[in-house]
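**Q** any chance you can model this:
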Amino acid sequence: MSASPEASTVPSSSLSPTPWAIAVRLLVRWIDHQERADTLLETVPSTISRADRGRVQHLFYGVLRHLGRIDAHLTRWVARPPRTRLRAVLLVAGFELIEGGADGHVARVVHHAVEQAKTLASPAEAKLVNAVVRKMAESISLERPPGQLASAEVLAEYFSHPVWMVKRWIGAFGLESTRALLELHQRPAALSARWRKPEVALPPWLEATPIAGFYQIASGHWKEVEAELEAGHLYLQDPATRHAVDLLDVSADETVLDACAAPGGKALAIADRMKTGRLVALDLPGPRLNRLQANLARVQGVETILVAADLQVSLFRALQDKGLPVQYSAVLIDVPCSNTGVMRHRVDVKWRLQEGDIFKHSRQQGALLRAAAALVAPGGRLVYSTCSLDSLENEHVVSSFLQGAGGGWKQEAAVISRPWETGHDGAAAFRLRRAAVAEEKSVGAIRLAPKAPDRTPAKCGWFRSGRPGK
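**A** Numbering: from 1, shown residues only. From the prediction side, this is the model:
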């Protein structure tokens, strides 16, 4: 079967404001312009209902989770690549087929896709949609999960991940763990939150977890959730984020630096632990500081200072201009990374990330770690953290830093969170201790700067593959 090449593009204004049609529109923009999925969701019209907004996200994210598998079925029945809008229609229908349903589900999916295609594409293309979706339904019904010894290529297609990524994970974690991770990525993550006010009674829709202070939010209560968020009682946050804060081990009345603070989730958790003291939150100038500032405004009892500066270029002057110290007893550097630990939330990261990005991130993270280390007072502690699963961004960065520091630093503790083991996001955190003054003299000068400048700037903010809320 061939797609109709002559059909003209339908303008966005002609789209019906249904969740299905909006999901198609978002897919068109994601495919054609490589816009981030979470950013695209923010463009959904505010006039639609909360339920319809949820349906848009379900369809849009569902396609992105299963994109490779749906495309594999599409290529069997469409001889030439369809234009983007038609492809998006077929992708949404393909996800609905994979999702399954009650008796008559296939007929309903076919009918609805055809009717939508008449408006979203063209009447001629609607005929193609009718034929292709029926064929896809047949092939999907005959599909079976890969066997336990399936190759990386087979796993990658069925679980919709790049082959290079699956091979890398098999090499690092083994076949069984990799398959468990792939299966986990195909299911939406539970909505987790941290309750910030233990003196306030818990709402009944917060379900306890084994992690103190963290809860899962029962479905159907978003209006109540929004009210608690606005009141500052609740913060949406995965339990894996606690590891970096735990290792930092802050005390009341300390002065602490969060060196890559935006959007402010960990900064807020640090302040909640301290109760009193001072927290300096640093990140690059830009729109992301708005959310950081909003989160810092919810802090009570701790003085918070927002510093908009480049960690590697203008930081010392920015700190001095604000009358702030240039060294701290506790520093957190939660670096931008590949996001491989948070793919249940960042569903399109796997399609944007390239294998070479891992190596680039590692170099940039090393530069950020060295810059943050210069801000730690003798005897102080530094926590390096990521939301990556890759050792190149975790253990390798830390070991390289320690080797280059001339013996003036040591690793005290580390925590690695693996989603298939914990059920939470992937994360890594390392606590490093700088030698006290007397110890530094005994080992000689500590080398904090890189031996040669990295040609790629390393800054807090966004790497190409993106960064989740922290």
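
**Q** could you say what helices and strands the longest strand seen in the chain packs with?
**A** Counting by DSSP state E, the longest strand found in the chain is strand 376-386. Here strand 376-386 touches helix 242-248, strand 328-334, helix 355-373, helix 395-404, strand 427-434, helix 437-443, going by 3 or more CB pairs under 8 Å, 6 or more residues apart in numbering; DSSP states H and E. C-beta: built from backbone N, CA, C; applies to glycine.

**Q** what residues does the very next helix or strand once past the fourth one touch?
**A** Translated: helix 395-404. Using DSSP states H and E, the helix or strand that follows helix 395-404 in sequence is strand 409-417. By CB atoms under 8 Å, 6 or more residues apart in numbering, the list of residues contacting strand 409-417 from outside reads 240, 243, 246-247, 341, 373, 381-382, 394, 398, 401-402, 424-435, 446.

**Q** about what we covered before: redo the helices and strands packed on strand 376-386 as TSV? Include mean neighbour count.
**A** Converted to TSV, those look like this (neighbours: other CB atoms under 10 Å):
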stretch	mean neighbour count
helix 242-248	22
strand 328-334	25
helix 355-373	20
helix 395-404	18
strand 427-434	24
helix 437-443	12
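
**Q** residue 42 is nearest to which of these?
**A** Residue 42 lies closest, by CB to CB, to one member of those: strand 328-334, at 23.0 Å.

**Q** following the closest one, which helix or strand comes up?
**A** Downstream of strand 328-334 (by DSSP H and E), the next one is helix 349-352.

**Q** what sits up against that following helix?
**A** 34, 64, 67, 160-162, 165, 185, 338-340, 342-343, 464-466.

**Q** got it, and stretch 154-174?
**A** 65-70, 72, 143, 145-146, 150, 152-153, 177-179, 181-183, 185-186, 340, 350-351, 353, 355, 358, 389-391, 418.

**Q** put the alpha carbons of it into CSV.
**A** This file holds the C-alpha atoms of stretch 154-174, laid out as CSV (Å, rounded to 0.1, in the frame of the first residue of the first chain):
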residue,chain,number,x,y,z
VAL,A,154,14.5,-8.1,18.8
LEU,A,155,14.2,-6.5,22.3
ALA,A,156,14.8,-3.1,20.9
GLU,A,157,12.0,-3.3,18.4
TYR,A,158,9.4,-4.9,20.7
PHE,A,159,10.1,-2.6,23.6
SER,A,160,10.7,0.5,21.4
HIS,A,161,14.3,1.5,22.4
PRO,A,162,17.3,2.2,20.1
VAL,A,163,19.4,-0.9,19.5
TRP,A,164,22.6,0.8,20.7
MET,A,165,20.9,1.6,24.0
VAL,A,166,19.7,-2.0,24.6
LYS,A,167,23.2,-3.3,23.7
ARG,A,168,24.8,-0.9,26.1
TRP,A,169,22.5,-1.9,28.9
ILE,A,170,23.0,-5.6,28.3
GLY,A,171,26.7,-5.1,28.5
ALA,A,172,26.4,-3.1,31.8
PHE,A,173,23.5,-4.9,33.6
GLY,A,174,23.0,-8.2,31.9
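
**Q** that older thread, the longest strand of the chain: which residues count as buried?
**A** For strand 376-386, a neighbour-count test (16 or more other CB atoms under 10 Å) marks 376, 377, 380, 381, 382, 383, 384, 385, 386 as buried.

**Q** where's the nearest residue to residue 437 once chain neighbours are set aside relative to residue 413, distance?
**A** Excluding its sequence neighbours, the residue lying closest to residue 437 (CB to CB, 6 or more residues apart in numbering) is residue 378, at 4.7 Å. Separation of residue 378 from residue 413 (CB to CB, to the nearest Å): 19 Å.
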